[in-house]
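>>> need coordinates for the below:
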Amino acid sequence: MYAEQVETFLDHLLLERGLAEPTIAAYRVDLAHFGLFLESQGDPAPESLSPAQVSEYILLLKQAYARRTIRRRFSALNSFFRFLLAKGEIRRQPLSGFALPQLDKNLPHVLSVVEIKALLAAPDAGTTLGERDQVMLEVLYGAGLRVSELVALELQQVNFNVGFVQIVGKGNKERIVPLPLPIISHLRDYIAQGRRRLLKGKSSSYLFLNRSGKPLSREGFWKTIRRYALKAGIAQEVYPHLLRHSFATHLLSGGADLRIVQTLLGHADLATTQIYTQVDAERLKEVYRRYHPRERKAKG
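This next block holds a predicted model:
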């Protein structure tokens, strides 16, 4: 019964709410984990679970997983049970009254403008792969994209005349992000030269290709960006999403309106974007502590 309800719920997420396949896959994993717990309890109906059984499940999670994973699994279960409640298949919310562990408020790391420039200059644009990689890094940072959005880009999503890229983000939500003219120019050159060489006479709708003329994978780009970070002499760990964090922080540092940054990033909730204002405030404090005469005097 539980497995059938899960499949109905996942179909609802895909067909009615239009969630992306990776998101639905994550829901499937989280709900399957709870299904294993139900099996260990003799396969009771979810609404018949006692508070003691729910507490036992929480304890199992705490023993094996980080806080973020626990919260994600509870979020998936809450959505699932709300769906069953709305359909009249259960009469109460089994997880009602249980508090979730609070997340540590870790602010995202960002690269400095100097580090960004060094990273963008790291690829050898005189080679086919170097040209591709340089343009990919420019688009990733210049538009604040997620790596999944970057590798999925197709030619038709780029408007070369007006200078913007049309992104299909989480939940299949579309947004328009402008691209600076130099990036548009580099994209034109890459399509005319490097991309044409990668295709080797074949055809593809995707913008960024690997050596075989196929779409570049997320994993492949992760390895690429780490290699260039080492070459650029950047000490901290560099990953694709770090450029998205840096994009947002640098815009706000330059005086951009918070809601404009929210739109560019494709955030549904303004609170998600507001974390970058805290990042910028922390950076200002660090600069103050390092360079202000009174601070230096206090340390002396």
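>>> could you use CA atoms for every contact and neighbour count after this?
Noted.
>>> can you give the domain ranges for the protein?
With domains defined by automatic domain parsing, the chain comprises 2-87, 113-290.
>>> weakest of those domains by average pLDDT?
Per-stretch mean pLDDT for the domains of the chain is lowest at domain 2-87 (a mean of 85).
>>> got the buried residues for stretch 1-16?
Neighbour-count burial for stretch 1-16, counted by 16 or more other Cα atoms under 10 Å, picks out Y2, V6, F9, L10, L13.
>>> out of those, who's nearest Y276?
Using Cα to Cα, L13 comes nearest to Y276 of those, at 30.0 Å.
>>> may I have whichever strand or helix holds V177 as CSV, with CA atoms only?
Taking DSSP states H and E as the criterion, the element that holds V177 is strand 174-178. Output of strand 174-178 as CSV, limited to C-alpha atoms (Å, rounded to 0.1, in the frame of the first residue of the first chain):
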residue,chain,number,x,y,z
GLU,A,174,12.2,30.0,-16.8
ARG,A,175,14.1,33.1,-16.2
ILE,A,176,16.0,35.6,-18.5
VAL,A,177,19.6,36.5,-17.5
PRO,A,178,21.5,39.1,-19.5
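>>> next, the angle strand 174-178 makes with the helix or strand following that strand.
Helices and strands here follow DSSP H and E; after strand 174-178, the next one along the chain is helix 181-192. On the basis of axes from the mean of the first three to the mean of the last three Cα atoms, to 10 degrees, helix 181-192 is oriented at 110 degrees to strand 174-178.
>>> check which helix or strand the closest residue to A125 other than its chain neighbours maps to.
In space, and not counting its chain neighbours, A125 is closest to E131: 4.1 Å by Cα to Cα, 6 or more residues apart in numbering. In this assignment (DSSP H and E), E131 forms part of helix 128-143.
>>> taking the buried residues of stretch 1-16, tell me the two that lie furthest apart.
Y2 and L13 (16.6 Å).
>>> now do the host helix or strand of F9: which elements does it pack against?
For F9, the element it lies in under DSSP H and E is helix 2-15. Where contact means 3 or more Cα pairs under 8 Å, 6 or more residues apart in numbering; DSSP states H and E, helix 2-15 is packed against helix 21-40, helix 67-87.
>>> alright, that wraps it up for me.
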